[in-house]
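> Next input, structure requested:
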Amino acid sequence: MQFEWAWQHTHRSKVFREAVGDDALAKRMKRRRGVRARFDELRVLLGECEPFNSYPLEVYFPEEESHELFCTLMPERDNEAQEIRKKVCPVDEMPFAAATDARTKKAQKVNGSWAQMHFDLSLFPSAASTQSRLLGQRRHQSNWALNAVTPQASHFFATSGFNQSDEKTEPEEEKTESPKVEVAVESEQPAVKIPAKFKPYPFQYHQEFIVTIDSLTNLGFGIARIDLDEPHDNLVAEGDDSDEASNDPKKWVVFVPNVIPGESARIRIYRNYATYSDADLLEIIEASPDRIEPKCDLANICGGCQYQHITVDRQRQMKTIQVQELFERLGGLEADEFPSVLPTLGTDEVFGYRSKITPHYDAPLKKKGTKKNKDGNYKGISCEIGPIGFKEKASRRLVDVPYCYIATPDINEALARVRDETRQTAREGKLKKPTKGATLLLRDAGDGVETDHNVYVKTTVKDLVFRFKAGNFFQNNPFMLPKMVDLVVDAATIPSPSGKAMTHLIDCYCGSGLFAIGSSSSFEACVGIEVNEMAVEEARENAALNGIENCAFVSASAEAIFDPVTLEGRSDLIVGDFPKETTVVVVDPPRKGCSVEFLEQLNEYKPQRVVYMSCDPATQARDAKYLVSYGYEIVSVQPFDLFPQTRHIECLATFELKD
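Alright, predicted model coming up:
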């Protein structure tokens with residue numbers, strides 16, 4: 001693998017640049033085109049660059065017939081090869097039948113150039129037979145040279161002790177050397193095409209291992225650790241909040257999909273990063289007792305679900321552990337500094353619960369030779385749409401998803417119709433954007449499935465009616481949502497440690513007003529703030545729709561909530577005048593968490609309690625570190641299994657100001 005990569009990317013190979021002695025020269029060599037240029041690079045690589053010069057392989061250019069090109073890779077112990085080295089032969093005298101015309105006994109031309117590879121079987125007894133290979137020049141590029149040479153060259157390096165111990169091992173007695181046969185044949189197994197940007201450190205492309213899964217990442221991938229021959233220096237820096245590297249210099253982290261902690265699996269590397277690698281799962285060798293058969297046939301490749309192969313009880317147990325570890329690691333908290341994370345709370349609806357999905361499709365395909373219309377675009381031109389669904393795991397490719405098992409039955413019924421209509425629209429040339437992909441919307445609001453982002457829909461949560469545009473954000477599990485609202489209200493309304501009742505609530509990142517309106521009956525006044533003006537209008541309408549008069553909403557960034565301004569002209573709702581000792585701040589930020597500016601202003605205001613709902617416990621744990629440093633203590637941490645079968649965790653953390 002290192003050999004293939006170095007030849008294909010000589011301008012990026014450190015040993016090649018050092019051998020040439022000039023980075024600029026190495027780049028100029030790479031820009032040359034043609035067969036001779038590629039073999040010239042190979043000559044430098046095998047002759048001057050460690051470790052590829054460890055074995056006696058070389059590139060040979062004849063002194064005669066210079067308009068032809070002959071190249072041999074031959075070991076020194078091959079007597080016949082030694083004779084060829086000593087004799088500088090014209091092309092038509094080279095003694096290889098594969099490169100000669102059977103009738104005239106003269107050398108054949110193959111598109112103007114040809115080359116021969118030769119290996120001695122004694123150097124790698126596990127090979128099937130000694131092979132010589134005729135290489136022909138092709139148009140445009142000379143990548144054919146890499147494709148033709150590397151299967152045998154790589155096999156030589158892999159089986160002859162290359163880059164291993166210098167001790168020679170004797171072949172087993174029962175093995176006998178096969179007679180040498182000079183034939184021009186193609187390899188029985190075609191070479192695996194290596195991605196151009198693949199980095200061959202520390203593992204080769206498609207190198208296989210048997211590993212034990214230690215744990216899971218917050219993206220749902222299994223973490224395995226592989227021993228390295230030499231320590232690496234790509235360690236996690238102190239304070240780094242990633243889990244993408246190992247703190248052990250002799251261990252290398254590999255991420256694997258569709259596994260469970262404790263399982264033993266055979267994996268295959270397909271990508272190396274600076275601090276970790278990605279691998280495909282080939283086989284489960286020792287399965288977890290919590291492994292089950294996924295309900296969906298696409299579960300192993302579709303990125304929509306990560307945990308369908310795991311029992312729901314184990315899913316929730318893992319989510320609890322993950323939140324605990326995040327608060328300890330990213331929050332910088334010791335286990336005895338905050339209460340243990342409560343067991344993840346869920347409902348019995350683990351399939352058919354999701355009330356909104358957004359499948360995608362890529363840019364439509366035009367028929368070959370399709371021309372633009374008279375207006376210079378493709379409007380009105382028939383085209384075909386490929387997969388409609390979700391991205392693969394660890395890939396940007398789309399998986400075609402005709403039925404989603406975690407979506408509600410009504411959504412799946414509508415999905416089949418929407419998919420057919422979308423494809424028919426493309427064939428009729430009626431797509432609004434025929435040169436781009438798009439995202440479809442299916443929102444189940446209880447009285448039908450809406451596909452138009454701008455149509456208003458209604459849903460009921462605990463006898464409260466919420467009206468919002470179908471494309472706007474609103475929690476997508478109607479079975480879990482009432483329990484979440486109950487727990488937010490409970491956390492916000494319990495008396496303070498001094499026994500005082502909480503009287504005022506500030507809802508930051510309030511969206512359509514779910515928590516402020518849901519809590520309004522327990523407080524004298526509630527104020528919500530949201531940067532999305534449309535969502536603020538919806539929140540005001542929802543308050544009026546439910547006859548709630550003690551709630552006000554403002555459109556601004558969350559940082560502005562503590563400014564001493566009057567909301568909607570109401571002198572009774574000046575946030576700066578709210579009594580801090582009986583005020584609760586509810587925080588429900590986007591996935592990126594709270595901004596530092598907001599947290600600093602929260603610290604200046606110092607409300608008695610902060611109730612923090614998060615869709616990403618990692619950023620919540622990060623923000624918890626700030627709140628604890630401001631003098632708050634963590635009262636409780638409650639995860640929710642809002643989206644069973646997936647890696648997603650909703651988490652409620654309550655912070656109380658210390659006396």
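> drop to CA atoms for contacts and neighbour counts, all remaining ones
Will do.
> Would you quantify the distance from Ala543 to Gly513?
Between Ala543 and Gly513 the distance is 8 Å, computed by C-alpha to C-alpha, to the nearest Å.
> Give me the neighbour count for Asp490.
12 (other C-alpha atoms under 10 Å).
> Return the residues in contact with Ala363.
Ala363 makes contact with Ile385, Pro434, Thr435, Lys436, Gly437, Ala438 under the criterion C-alpha atoms under 8 Å, 6 or more residues apart in numbering.
> Just give me the closest of those to Glu230.
Gly437 (45.8 Å; C-alpha to C-alpha).
> The closest one: how many residues sit nearby?
14.
> That one and Glu384 touch, don't they?
No - taking contacts as C-alpha atoms under 8 Å, Gly437 lies outside contact range of Glu384: 11.5 Å.
> joint contacts of those two?
Overlap of the contact sets of Gly437 and Glu384 (by C-alpha under 8 Å, 6+ apart) consists of Pro364.
> How much space separates Leu481 from Asp297?
Leu481 is 29 Å from Asp297, by C-alpha to C-alpha.
> So the two - more neighbours on which side?
Using other C-alpha under 10 Å, the more surrounded residue of Leu481 and Asp297 is Leu481, with 16 against 9.
> contacting residues around that one?
Leu481 neighbours (C-alpha under 8 Å, 6+ apart): Val461, Gln475.
> Am I right that Glu325 sits in a helix?
Yes - with DSSP: H, G, I helix; E, B strand; the rest coil as the criterion, Glu325 is part of a helix.
> coming back round to it: okay, Ala543 and Gly513: which has more neighbours?
For Ala543 and Gly513, the more surrounded residue by other C-alpha under 10 Å is Gly513, and the numbers stand at 30 against 25.
> Spatially, what comes nearest to that one if we skip its sequence neighbours?
Ala539 (4.7 Å; C-alpha to C-alpha, 6 or more residues apart in numbering).
> The one you found: what secondary structure?
Assignment for Ala539 (three-state DSSP): helix.
> Over to the one 10 residues further on?
For Glu549, the secondary structure call by three-state DSSP comes out as coil.
> Quick check: it vs Ala535, distance?
Using C-alpha to C-alpha, Glu549 is found at 18 Å from Ala535.
> For those two, indicate the residue with more neighbours.
Each of Glu549 and Ala535 has its neighbours counted (other C-alpha under 10 Å); Ala535 has more, 23 against 13.
> How about the host helix or strand of that one, which residues are buried there?
Here Ala535 sits within helix 533-545, counting by DSSP states H and E. By 16 or more other C-alpha atoms under 10 Å, the buried positions in helix 533-545 come out as Ala535, Val536, Glu537, Glu538, Ala539, Arg540, Glu541, Asn542, Ala543.
> One more: stretch 342-358?
Pro343, Thr344, Leu345, Gly346, Val350, Phe351, Gly352, Tyr353, Arg354, Ser355, Lys356, Ile357.
> What of stretch 250-269?
Buried, per 16+ other C-alpha under 10 Å, within stretch 250-269: 251-269.
> Next, the distance between the ends of it.
OK, stretch 250-269 end separation, C-alpha to C-alpha: 18 Å.
> could you give the mean pLDDT of that stretch?
Here stretch 250-269 scores 95 as its mean pLDDT.
> need the longest strand for this protein.
strand 276-286 (DSSP state E).
> count of residues packed around Val211?
The tally of other residues near Val211 (other C-alpha under 10 Å) stands at 20.
> How much space separates Lys430 from Gln424?
9 Å.
> can you list contacts of the strand or helix carrying Ala621?
Using DSSP H and E, Ala621 maps to helix 617-629. Residues from elsewhere that reach helix 617-629, judged by C-alpha under 8 Å, 6+ apart: 323, 326-327, 330-333, 591-594, 599, 603, 612, 614, 633-634, 649-651, 655.
> And those residues, which of them are buried?
Members of those classed as buried by 16+ other C-alpha under 10 Å are 323, 326-327, 330-333, 593-594, 599, 603, 612, 614, 633-634, 649-651, 655.
> show me where the stretch 201-350 of the chain has strands.
Using DSSP state E, counting those that start in this stretch, the strands of the stretch 201-350 of the chain run over residues 208-216, 222-227, 251-256, 264-272, 276-286.
> Looking at those strands, which is nearest to Phe466?
Of all the strands of the stretch 201-350 of the chain, strand 208-216 comes closest under C-alpha to C-alpha, at 36.9 Å.
> Give the pairing partners of that closest one; include direction for each.
Paired neighbours of strand 208-216 in the sheet (DSSP bridges): strand 222-227 (antiparallel), strand 264-272 (antiparallel).
> So which residues make contact with that strand?
222-226, 259-269.
> What helix or strand is Pro639 located in?
strand 632-640.
> just Glu18 next, same as before
helix 14-20.
> helices or strands next to that helix in the packing?
Secondary-structure packing of helix 14-20 (3 or more C-alpha pairs under 8 Å, 6 or more residues apart in numbering; DSSP states H and E): helix 23-31, helix 35-48.
> now do 7 Å
helix 23-31 (3 or more C-alpha pairs under 7 Å, 6 or more residues apart in numbering; DSSP states H and E).
> For the helix it packs on, give the mean pLDDT please.
Rounded mean pLDDT across helix 23-31 is 64.
> With stretch 465-484 instead?
Taken as a whole, stretch 465-484 has a mean pLDDT of 93.
> Quick one: end-to-end distance for it.
End-to-end distance (C-alpha to C-alpha), stretch 465-484: 16 Å.
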